[in-house]
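Visitor: Below are the sequence and a predicted model for it; my questions follow.
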Amino acid sequence: MATYNKVSPEIIEEFKKITPNRVYSGSEINEDYTHDEMPIYGTGLPEVVIEALTTEEVSEIIKICNKHLIPVVPRGAGTGLVGGAVCINGGVLLSTVKMNKILGYDLENFVVTVEAGLLLNDLAEDVTKKGLLYPPDPGEKFATLGGNVATNAGGMRAVKYGTTRDYVRAMTVVLPTGEITKLGATVSKTSSGYSLLNLLIGSEGTLGIITELTLKIIPQPKEIISLIIPYVSLDECIATVPKFLANHLDPQALEFMEREIVISSEKYVGKAVFPQQFDGKEIGAYLLVTFDGESEEAIYEIIEKATEIVLESGALDVIVADTPVKKRDAWAARGSFLEAITADTKLLDECDVVVPVSEIANYLKFVNSLENDYGFKIKSFGHAGDGNLHIYTCSNDMQLDIFKEKVDEFMKVIYKRASDVGGLISGEHGIGHGKVEYLADFVGPVNIKLMQDIKKLFDPNLILNPGKVCYKL
């Protein structure tokens, strides 16, 4: 167990020499820096917040912290959901949000180089102007790209295009010793020793601080059309999902959602898009599917085939969203699910298990059957095409300590079931601080020791984002 030192006034002065006018302490620290977007995992007040502008600044700051045994937490936009960018040990919060430049395009090799603090939304808009697409599409569009890479964020287009990991060609990293290293290259394949690049992707800021990224981009699809497909029950809805893949329909996105969460979201955004009834039957669940391609004709051929399959599988209707307004409204409702839940809920926790697509229906049936056992509401939605499920526990009347105790029992049960059916405990949110104990139970002592040994090799003094992923403080 590491022992850390406090940030002295003298050390603060050293920081100010490196990053003048970008060092904050005491009452200067904004309350937003004490938590992420899932405050159930607690808050942590940094002793100092530093806004870096360059890789060299990050390096000099880390050298001081390593020398004086001061913990450092790297942070992007703070949109995480597992307490990964929270200073649970005080120390320094190192913000990369001002490292937000697009450094350049290499259009011959279809890559773009960016600083780690650039927002996903800003890159998405810029590549679109060039007729290109950066495929990773996590729900939080105002997260930083460095944060996306640190958690290997997935998102709604992962079913066709893969996760963030598949688009990282190279990166510049500051190690916990302050050394600067470059990993990867502008190439699409490698057999050049251990893949340190892939080790850093998904490491949640525990092995190094990412400062620059070279990312793969692709030509933008010429046409995109979405479908809203209503069902009477969630079982019928989810049972259809494997048929999209088995019939080579290749959707860009394939999302599921239950009636209650759709109603909450539409109320939140102030617009009704999803039908509540069809032919006298109450709708209980939906698929929201997007197809992309080179022409409208080609997509409509796929839609015809998809329509035939889903109607034979119990769908009540197929609603085509083929105009910009219809597509925007449908996906705006989907994109607001978490905000809608948060607006209606006093106590909230979540998990993002990932299970084989063939197991989604039975797994969700099991999860929903537990609601009466624990006394809180269970709400779920997620990426049906890749088995990544977002399951929320919600209460407006429990005491906090009882809620946390009940949720802990619930999480252990559903993580165990995920393991039993061949799944994993997180598909894209990561482990952070909130899920450390669950990961240790899930992967077992051999694998957790391997992770801890890797951490010690990169970070001998355990100063970088301590208490996260594989270490419990």
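Guide: Received it, and whenever you're ready, just let me know what you need.

Visitor: The host helix or strand of residue 378 packs against which elements?
Guide: Assessed by DSSP states H and E, residue 378 sits inside strand 377-383. Where contact means 3 or more Cβ pairs under 8 Å, 6 or more residues apart in numbering; DSSP states H and E, strand 377-383 is packed against strand 253-258, helix 259-269, helix 360-369, strand 388-395. (Each C-beta comes from the backbone N, C-alpha and C, glycine too.)

Visitor: Which of the ones you listed comes out lowest on mean pLDDT?
Guide: Of all the helices and strands packed on strand 377-383, helix 259-269 carries the lowest average pLDDT, namely a mean of 87.

Visitor: Which SSE is immediately downstream of that helix?
Guide: In N-to-C order, the element after helix 259-269 by DSSP H and E is strand 277-278.

Visitor: which residues touch the next helix or strand after that next one?
Guide: Once strand 277-278 ends, the next helix or strand along the chain (criterion: DSSP H and E) is strand 281-282. For strand 281-282, the external contacting residues (Cβ atoms under 8 Å, 6 or more residues apart in numbering) are 232, 259, 276, 316.

Visitor: Throw the helices and strands packed on strand 377-383 into JSON lines and include distance to residue 240 and mean neighbour count, thanks.
Guide: Listed next are the helices and strands packed on strand 377-383 as JSON lines, based on distance: least, Cβ to Cβ, whole Å; neighbours: other Cβ atoms under 10 Å:
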{"stretch": "strand 253-258", "distance to residue 240": "9", "mean neighbour count": "24"}
{"stretch": "helix 259-269", "distance to residue 240": "16", "mean neighbour count": "19"}
{"stretch": "helix 360-369", "distance to residue 240": "9", "mean neighbour count": "18"}
{"stretch": "strand 388-395", "distance to residue 240": "16", "mean neighbour count": "23"}
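
Visitor: how about the ones you listed in CSV, adding distance to residue 322?
Guide: As requested, the helices and strands packed on strand 377-383 are exported to CSV (distance: least, Cβ to Cβ, whole Å):
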stretch, distance to residue 322
strand 253-258, 15
helix 259-269, 20
helix 360-369, 27
strand 388-395, 27
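
Visitor: do you know which of these lies nearest residue 444?
Guide: Distance to residue 444, taken as Cβ to Cβ, is lowest for helix 360-369 among the helices and strands packed on strand 377-383, at 21.3 Å.

Visitor: That closest one: how far from the chain's middle?
Guide: Helix 360-369 sits 22 Å away from the centroid of its parent chain (Cα atoms, centre = their mean, to the nearest Å).

Visitor: Just name whatever secondary elements that helix is in contact with.
Guide: helix 234-239, strand 377-383, strand 388-395, helix 400-420.

Visitor: Which SSE is immediately downstream of that helix?
Guide: helix 371-374.

Visitor: For that next one, what is the distance to the chain centroid?
Guide: Here the centre of helix 371-374 is set off from its chain's centre by 27 Å, with Cα atoms, centre = their mean.

Visitor: From the contact counts, what lies against that helix?
Guide: helix 400-420.

Visitor: who touches the helix it packs on?
Guide: Contacts of helix 400-420 (Cβ under 8 Å, 6+ apart): 40, 347, 349, 351, 353-355, 363, 366-367, 370, 374-376, 391, 393, 395, 398, 424-425, 438, 441-442.

Visitor: go on, stretch 242-255?
Guide: By Cβ under 8 Å, 6+ apart, stretch 242-255 touches 137, 156-157, 159-161, 221, 224, 241, 287-292, 302, 305-306, 309-310, 313, 334, 357-358, 381-385.

Visitor: Report the buried residues of it.
Guide: Neighbour-count burial for stretch 242-255, counted by 16 or more other Cβ atoms under 10 Å, picks out 242, 244-245, 249, 251-255.

Visitor: With only the CA atoms kept, save that stretch in CSV.
Guide: Extracted in CSV, the C-alpha atoms of stretch 242-255 (Å, rounded to 0.1, in the frame of the first residue of the first chain):
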residue,chain,number,x,y,z
PRO,A,242,-29.4,-12.4,-33.6
LYS,A,243,-31.4,-12.6,-36.8
PHE,A,244,-30.0,-9.3,-38.0
LEU,A,245,-26.5,-10.7,-37.8
ALA,A,246,-27.4,-14.2,-39.0
ASN,A,247,-28.9,-12.7,-42.2
HIS,A,248,-25.9,-10.5,-42.9
LEU,A,249,-28.0,-7.3,-42.6
ASP,A,250,-24.9,-5.4,-41.1
PRO,A,251,-26.6,-2.6,-39.2
GLN,A,252,-24.6,0.4,-38.3
ALA,A,253,-26.4,0.6,-34.9
LEU,A,254,-28.8,-1.8,-33.3
GLU,A,255,-30.3,-0.5,-30.0
